[in-house]
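J.: Fold the following for me, if possible:
(chains A and B)
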Amino acid sequence: MTPNEMEEFLDMLDRYGGRLETWPPEARAKAEAWRDRCAVAAGQIDAMRRVEAALAATRATVAGGANATAARAMQAHQENPRQAMARRISWGVAGALALVAGVYIGSLPLLGGSAPADIVADALNQSGGIDVW
Amino acid sequence: MEDADDELLARAARGDGVAFSRLVALHRAKLIALAARIVGNRAIAEEIVQEVFTRAWIHAPRWRPQGGGRANFAGWLARVATNLAIDQTRRMRSVPLDTAPEPVDMSLSAEQQLVADDDRRRLEAALAALPPRQRAAIALTYDQELSNAAGAEAMAISVGAFELLLVRARRALRQAMMEDKAR
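T.: Here you go, the predicted model:
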């Protein structure tokens, strides 16, 4: 192999990994030809395969524990007092704002007319003091 | 499986703890493998995955699947785990991979087993020397088994940038294996 061919081969090896069967067809054909006539190329493929085998062998294995993880996640959220307090405060503030807005809107005059509060007062007066409530 | 994730997510969003536990069981092992590869420590990886699922439970009511539910939810989990693991790695000194002892593969001869053990030690040393983002690219590809596009999404980078990280990481690991062999 020429130095340029080796460089191209190593680039492909690092791009696609050690399993030549998963490479794009054209790149795979080139790599297989180089591997068959060059021991250095074959050695580089072997090194990449050993890396990948070691990666598979050192992958952390996990058995069980999912229920405990789920329970802790749910508990952590439910028992977060700061978060619960913030939620209560935000609802309280929203309620107070809604009350103030309601009172304010109720005191505004309608388009070209009286405010809703005045209309209610007029209606009460016209009813002759009857207790409408 | 996508339907299963969609349904479980919808139930978890309504506060169904059993459905949430099932979701955790489906995704936890791969996430621990991913985080353990990046931080190099099994106990810390489990803490990271605990935090991932706490966030998942909090965000479940607001979760809206886009396209394939499993792909999206799994991708979201991988993204959060990767970010937390990279942040954690930056806060601590890199330590050797602390995984449970591997069971001896009885199909290998004693000599083959020795070679395999030797390769594992070389790999762990080489991995520990990689920058965290390169380690994350390796973990997303080999432990999480994501495509380059999905890996790029998990790291919130372009596919080209992800491939570059992966190429550099593979090169460093391959060279480490070759250098040790030459000694």
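
J.: and the residue lying closest to residue B:120 once chain neighbours are set aside, what helix or strand is that in?
T.: Once flanking residues are discounted, residue B:120 sits nearest to residue A:54: 5.0 Å by C-beta to C-beta, 6 or more residues apart in numbering or on different chains. C-beta: built from backbone N, CA, C; applies to glycine. Per DSSP states H and E: residue A:54 is located in helix A:39-57.

J.: Give me the helices and strands touching that helix, please.
T.: Where contact means 3 or more C-beta pairs under 8 Å, 6 or more residues apart in numbering or on different chains; DSSP states H and E, helix A:39-57 is packed against helix A:3-16, helix A:25-37, helix B:110-129, helix B:159-182.

J.: which other helices and strands contact the shortest one?
T.: Secondary structure elements in contact with helix A:25-37, counted by 3+ C-beta pairs under 8 Å, 6+ apart, are helix A:3-16, helix A:39-57.

J.: Also the last one?
T.: In this structure, helix B:159-182 makes packing contacts with helix A:3-16, helix A:39-57, helix B:110-129, helix B:132-138, helix B:148-154, judged by 3+ C-beta pairs under 8 Å, 6+ apart.

J.: Quick check, central residue of chain B?
T.: Centroid check for chain B by C-alpha atoms, centre = their mean gives residue B:34 as the closest residue, at 1.4 Å.

J.: Any idea how far the helix or strand where that residue lies is from the middle of the chain?
T.: Assigned by DSSP H and E, residue B:34 falls within helix B:17-39. The chain centre lies 10 Å from the centre of helix B:17-39; the measure is C-alpha atoms, centre = their mean, to the nearest Å.

J.: Low-confidence stretches in chain A?
T.: A:77-88, A:109-114, A:127-133 (pLDDT under 70).

J.: now do chain B
T.: B:1-3, B:65-71, B:93-115, B:180-183.

J.: try it again with 90
T.: B:1-17, B:40-42, B:57-76, B:89-122, B:144-147, B:177-183 (pLDDT under 90).

J.: that older thread, the helix or strand that the helix holding residue B:34 is followed by: how far from the chain's middle?
T.: Following helix B:17-39 in sequence order, the next helix or strand is helix B:42-59 (DSSP H and E). Here helix B:42-59 is found 13 Å from its chain centre; the criterion is C-alpha atoms, centre = their mean.

J.: Over to stretch B:7-17?
T.: The chain centre lies 25 Å from the centre of stretch B:7-17; the measure is C-alpha atoms, centre = their mean.

J.: From the rest of the structure, what touches that stretch?
T.: Contacting residues not belonging to stretch B:7-17 are listed as A:70-71, A:74, B:18-20, B:22-23, B:26, B:57, B:60-63, B:65, B:69, B:73 [C-beta atoms under 8 Å, 6 or more residues apart in numbering or on different chains].

J.: Quick check, residue B:85 in contact with residue B:33.
T.: No. With contacts counted by C-beta atoms under 8 Å, residue B:85 stays clear of residue B:33, the gap being 11.2 Å.

J.: Between those two, which has more neighbouring residues?
T.: For residue B:85 versus residue B:33, neighbours defined as other C-beta atoms under 10 Å in any protein chain shown are more numerous around residue B:85 (28 against 24).

J.: That one: what's it in contact with?
T.: So residue B:85 contacts B:34, B:35, B:38, B:39, B:45, B:48, B:132, B:136 (C-beta under 8 Å, 6+ apart).

J.: I'd like the residues you listed written out as JSON lines, with distance to residue B:167 added.
T.: Below are those laid out as JSON lines (distance: C-beta to C-beta, whole Å):
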{"residue": "B:34", "distance to residue B:167": "20"}
{"residue": "B:35", "distance to residue B:167": "23"}
{"residue": "B:38", "distance to residue B:167": "18"}
{"residue": "B:39", "distance to residue B:167": "23"}
{"residue": "B:45", "distance to residue B:167": "25"}
{"residue": "B:48", "distance to residue B:167": "26"}
{"residue": "B:132", "distance to residue B:167": "17"}
{"residue": "B:136", "distance to residue B:167": "14"}
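
J.: Please pick the buried ones from those.
T.: Taking 16 or more other C-beta atoms under 10 Å in any protein chain shown as the criterion, what is buried in the contacts of residue B:85 is B:34, B:35, B:38, B:39, B:45, B:48, B:132, B:136.
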